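>>> 3D model of this:
(2 chains)
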Amino acid sequence: MKSLQIDSILKERGSQPHQLIEVLQDVQDCYGYIPEEAMKRVSECLGVPQIEVYRVASFYKAFKLKPVGKNVITICLGTSCHVRGARVLLDQAVSHLGINPGETTEDGLFSVEYVNCLGACALGPIVSNDGSYHHHMTPAKLRKYIDSLCCEERGKPQDA
Amino acid sequence: MHKLCTREELEIMKGKLVNNRQTASKTIILCGGTGCKASGSQQVADALKEELLAQGMDSTVSLRITGCHGFCEQGPIAVIEPGNIFYCHLTPEDARDIVTKTIKNGEVIERLLYTDPVSGVKIRTELEIPFYKAQERHLLSQNREIDPCSIEDYLAIGGYSALIKVLDGLSPEEVIREVKVSGLRGRGGGGFSTGKKWTQCREAPGDEKYVICNADEGDPGAYMDRCLLEGNPHRVLEGMLIGAYAIGATRGYIYVRNEYPLAVKHARIAVQNARRLGLLGENILGSSFSFDVSVSRGGGAFVCGESTALMNALEGKVGEPRPKDVHTVLDGLWRKPTTLNNVETWANVPLIILNGAKWFSSKGPKGSKGTKILALTGRIKNTGLVEIAMGTTIREIVFDIGGGAVDGKAVKAVQTGGPSGGCLPVDKFDLPVDFDVLYEAGSMVGSGGMVVMDESSCMVDVAKYFLAFLQDESCGKCVPCRLGIDRMLEIITDITEGRGTSEQLDLLEELADTVTQTSLCGLGKTAANPVLSTLRYFREEYEAHINDKRCPAGVCQALITYYIEPERCTGCGVCAKGCPYGAISGQKQEVHIIDTELCQKCGICRSECKFEAIQVK
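Below is the predicted model:
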């Protein structure tokens, strides 16, 4: 637990229950997910019962309660991306990496997620990873992209 | 930047900024919105900077990185002024030519010009492009004029003049009257009269009142609020300041989706800069009016677009809606009177104050005034953000601005208003964009999403898509929405998988009616619209699924079979390589075949075949 970081997140926010979502956003930015330990600290500091912290953390889609992969391959399933075939991309990501949406590969390199709209609708289908957007995606482009990340990370292409 | 204590000080500063702006002669306006960034505009910006520096022109030519221009499909895009020359699909390699040829010698680079997909003609200036020409841009037009992170830029083009006008001599009642007379209705989906909302909140008892800017744009297929907040955050802030003055609020919040990182960043910078100049804070510009704004990031829940759910989220709670027996203008955030408007609504306010209610109400038919930004997307040639006067017909938008369908296909429908709206068939395309008319037709203007569909879209699948979306996003608080959407989705899934019966259609309509009548909030009350509108206009597609066990568009997986057309197959092997299930076999240069036992009908092969050899029956 990077206690220093959580301390700085909670600094000047003590006993302010309305800051809960903002605090959880910062915790997630820092750790990539919301660790249980962090929820306990947040609960103590803001004066919000643990059950409520958990309820909020599990209600909002932005919050992850498990660690995610180094690369989070996020497929946009907004309406515009949907009519341009985004579903095929999700199938492709799932079959290529062998994990379901919300899961992470054993080596911790990849997670697959979907999102209901990234707001770049004119360029769909969109796939994002760590803030970078990839537009007009096709299954082949997605496979190549995932393989190129594999090469970078593992030094060799993945068997698909 | 120092704090300004009076209106006069602000006027002096503005005067200086306007003069400085006029001295810069040549400007490269490069779009740095999310869309163009995704297409690589940051790299183009870096290359342009480097080139200008290398050629010693960095001090004489200004490079302005702006918010979204709206024509995202063509990104990265740039406009060179003077001359209004429009370049699209830029790459870093184009930087040298732009600087050497266009900036230095005034030469137009043919290859970077836009080609009109309808006429095939290359177009030189932004103003001549049909996509822009047919629009009426009052909200979006400023985006290209300013760097969204620079309050100086906003001031130099007349920003905060509406605020000065208000502080100079309009009473809160006069401001509200102006907004009321303008006929402005909420742009977020509800279409409630903004002036009426403000009056009720002003008249509500209590000293502590709040204003909220709803930037939790959760409608899939809509991104106009992102564009405004990202590209012109001060306009939104100015609108909020005027609203707060009118209703008597001292505190405001911008609740913005965390999925829009650039909008979050720009909103925060705008608030900081406005505070530094004294445009937010105590005794703004020496008046007795005090107001400050905080930016809060949303947690990613569609239901938080609903006002009471959003207020719960701002309070740090689970974003579940509350019963609205007492409206939020009386009992809102922290149980205090609160006015909540969306980004586009707030952005309209400074325009109304500056140009007058008459100017605003001169646009659009009775009951739907002003302009509306639409996100025109889907299976269409020109996609992007378009701003039109209310009352423009769907046909003009889809064909004149959008250029019609892609790949020689025929347009079948347009989905308006997101998950709360509906699908309208081509024979309804002469309907105008009008709150009441579209509602009557079973759809709605909503926040302005307009997704065009062609014959490759199955309307039953579209209804299923929205139900699946709403089931995923339903907060679960009330039974009709939680279980009703579930059951509707179950029936539609039966239909798309070949188990549907005609009795189920009656049950579907009955369920839709119950969910509409009895749900707690807007999400549930409108959840049945995509189903009802597709049933109303595309019933024959439902019947084909039920009676013939056939999906006419070839989309619903359980009802289709993939096969390879031997005459078209070149034996390139791309499909076999791409198939995750090993269902395609064949020798190189020979016709391939699909093993239907192994095929999971994912469609990956079809999207990869360049020869259209993979077909569906």
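
>>> And the residue of chain A that's closest to chain B?
Using C-beta to the nearest C-beta, the closest approach of chain A to chain B is made by A:Y60 at 2.8 Å. In short, each C-beta sits where N, CA and C put it, glycine included.

>>> Please report the distance of that residue from B:Y210.
Going from A:Y60 to B:Y210 by C-beta to C-beta, to the nearest Å gives 22 Å.

>>> Check B:T526 too.
26 Å.

>>> B:E612 now?
On the measure of C-beta to C-beta, B:E612 and B:Y210 end up 57 Å apart.

>>> Please say which of those two ends up with more neighbours.
Just comparing B:E612 and B:Y210: by other C-beta atoms under 10 Å in any protein chain shown the higher neighbour count belongs to B:Y210, 23 against 9.

>>> Let me see the contact set for the spatially most central residue of chain B.
Nearest to the mean C-alpha position of chain B, by C-alpha atoms, centre = their mean, lies B:Y223 at 2.2 Å. Counting by C-beta atoms under 8 Å, 6 or more residues apart in numbering or on different chains, B:Y223 touches A:C117, A:G119, A:A120, A:C121, B:T34, B:E217, B:A375, B:L385.

>>> ok, now which ones touch the fifth one?
Translated: B:T34. Per C-beta under 8 Å, 6+ apart, neighbours of B:T34: A:G119, A:A120, A:Y133, B:C68, B:Y223, B:R226, B:E230, B:Y260, B:L262.

>>> Kindly reformat the residues you listed as a markdown table and extend each row with distance to A:V112 and secondary structure.
Below are those laid out as a markdown table (distance: C-beta to C-beta, whole Å; DSSP: H, G, I helix; E, B strand; the rest coil):
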| residue | distance to A:V112 | secondary structure |
| --- | --- | --- |
| A:G119 | 20 | coil |
| A:A120 | 19 | coil |
| A:Y133 | 16 | strand |
| B:C68 | 28 | coil |
| B:Y223 | 23 | coil |
| B:R226 | 24 | helix |
| B:E230 | 27 | helix |
| B:Y260 | 22 | coil |
| B:L262 | 24 | helix |
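
>>> Buried ones among these?
The neighbour-count test (16 or more other C-beta atoms under 10 Å in any protein chain shown) marks A:G119, A:A120, A:Y133, B:C68, B:Y223, B:R226, B:E230, B:Y260, B:L262 as buried among those.

>>> Look up how far A:A120 lies from the fifth one.
Looking back up the chat, that one is B:Y223. B:Y223 is 7 Å from A:A120, by C-beta to C-beta.

>>> Same check on the fourth one?
Between B:C68 and A:A120 the distance, using C-beta to C-beta, works out to 10 Å.

>>> Return every residue with contacts to both of the two.
Contact criterion C-beta under 8 Å, 6+ apart; residues shared by B:C68 and A:A120: B:T34, B:G35.

>>> Domain map for chain A?
Per automatic domain parsing, the domain ranges recorded for chain A read A:3-59, A:71-154.

>>> average pLDDT across the first one?
The predicted model assigns domain A:3-59 a mean pLDDT of 91.

>>> Stretch A:119-131 too?
Mean per-residue pLDDT for stretch A:119-131: 89.

>>> now stretch B:432-451
Mean pLDDT, stretch B:432-451: 93.

>>> how long is it end to end?
Chord length of stretch B:432-451, first to last residue, is 16 Å (C-alpha to C-alpha, to the nearest Å).

>>> And for stretch B:26-44?
In terms of C-alpha to C-alpha, the two terminal residues of stretch B:26-44 are separated by 18 Å.

>>> pretty sure A:L24 is in a helix, no?
Yes - with DSSP: H, G, I helix; E, B strand; the rest coil as the criterion, A:L24 is located in a helix.

>>> Could you count how many residues lie near it?
The tally of other residues near A:L24 (other C-beta under 10 Å) stands at 24.

>>> residues in contact with it?
A:L24 neighbours (C-beta under 8 Å, 6+ apart): A:I34, A:V42, A:V53, A:V56, A:A57, A:Y60, A:F63, B:G299.

>>> circling back to that earlier point, the residue nearest to the centre of chain B - nearest residue in space that isn't next to it in sequence?
A:G119 (3.7 Å; C-beta to C-beta, 6 or more residues apart in numbering or on different chains).

>>> likewise B:I614?
Here the residue nearest B:I614, using C-beta to C-beta, 6+ apart, is B:R606, at 4.3 Å.

>>> SS state for that neighbour?
Secondary structure, three-state DSSP: B:R606 is helix.

>>> Give me the pLDDT for it.
For B:R606, the model assigns a pLDDT of 89.

>>> quick one: it and B:I594 touch, right?
No - checked against C-beta atoms under 8 Å, the pair B:R606 and B:I594 is beyond contact range at 10.2 Å.

>>> so what's in contact with these two at the same time?
Shared contacts of B:R606 and B:I594, defined by C-beta under 8 Å, 6+ apart, comprise B:Y562, B:I614.

>>> The stretch 301-450 of chain B: strands as residue ranges?
Listed from the start of the chain, the stretch 301-450 of chain B has strands (DSSP state E, counting those that start in this stretch) covering B:338-342, B:371-378, B:384-389, B:411-416, B:422-425, B:449-454.

>>> Just want the angle from the fourth one to strand B:371-378.
What separates the directions of strand B:411-416 and strand B:371-378 is an angle of 130 degrees, with axes from the mean of the first three to the mean of the last three C-alpha atoms, to 10 degrees.

>>> Report all helices and strands that strand B:411-416 contacts.
strand B:422-425, strand B:449-454, helix B:459-473 (3 or more C-beta pairs under 8 Å, 6 or more residues apart in numbering or on different chains; DSSP states H and E).

>>> Repeat that for the shortest one.
Packing contacts for strand B:422-425, counted by 3+ C-beta pairs under 8 Å, 6+ apart, involve strand B:411-416, helix B:529-537.

>>> dump the residue contacts of the closest residue to chain A within the stretch 251-400 of chain B.
Chain A sits closest to B:G299 of the stretch 251-400 of chain B, with a gap of 2.8 Å, by C-beta to the nearest C-beta. Contact partners of B:G299, counting by C-beta under 8 Å, 6+ apart, are A:I21, A:L24, A:Q25, A:V56, A:F59, A:Y60, A:K61, A:A62, A:F63, B:N258, B:A313, B:G319.

>>> Now the residues you listed in CSV, please, with extra columns for distance to B:P480.
Output for the contacts of B:G299, formatted as CSV (distance: C-beta to C-beta, whole Å):
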residue, distance to B:P480
A:I21, 27
A:L24, 30
A:Q25, 32
A:V56, 24
A:F59, 20
A:Y60, 23
A:K61, 22
A:A62, 27
A:F63, 27
B:N258, 29
B:A313, 22
B:G319, 19
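
>>> helix, strand or coil for B:I80?
Assigned by three-state DSSP, the conformation of B:I80 is strand.

>>> show me the contacts for it.
Contact analysis of B:I80 by C-beta under 8 Å, 6+ apart lists B:K26, B:T27, B:I28, B:I29, B:Y87, B:I98, B:T102, B:I103.

>>> and the two most separated of these?
Farthest-apart pair in these is B:K26 and B:Y87; separation 14.2 Å (C-beta to C-beta).

>>> which non-adjacent residue is nearest B:E344?
B:R187 (3.7 Å).

>>> pLDDT weak spots in chain B?
B:23-24 (pLDDT under 70).

>>> give me the number of residues near B:E306?
For B:E306, using other C-beta under 10 Å, the count is 30.

>>> I'd guessed it sits against B:C521; true?
Yes - B:E306 is within contact range of B:C521, at 4.8 Å (criterion: C-beta under 8 Å).

>>> Identify the contacts common to the two.
Shared contacts of B:E306 and B:C521, counting by C-beta under 8 Å, 6+ apart, come down to B:P321.
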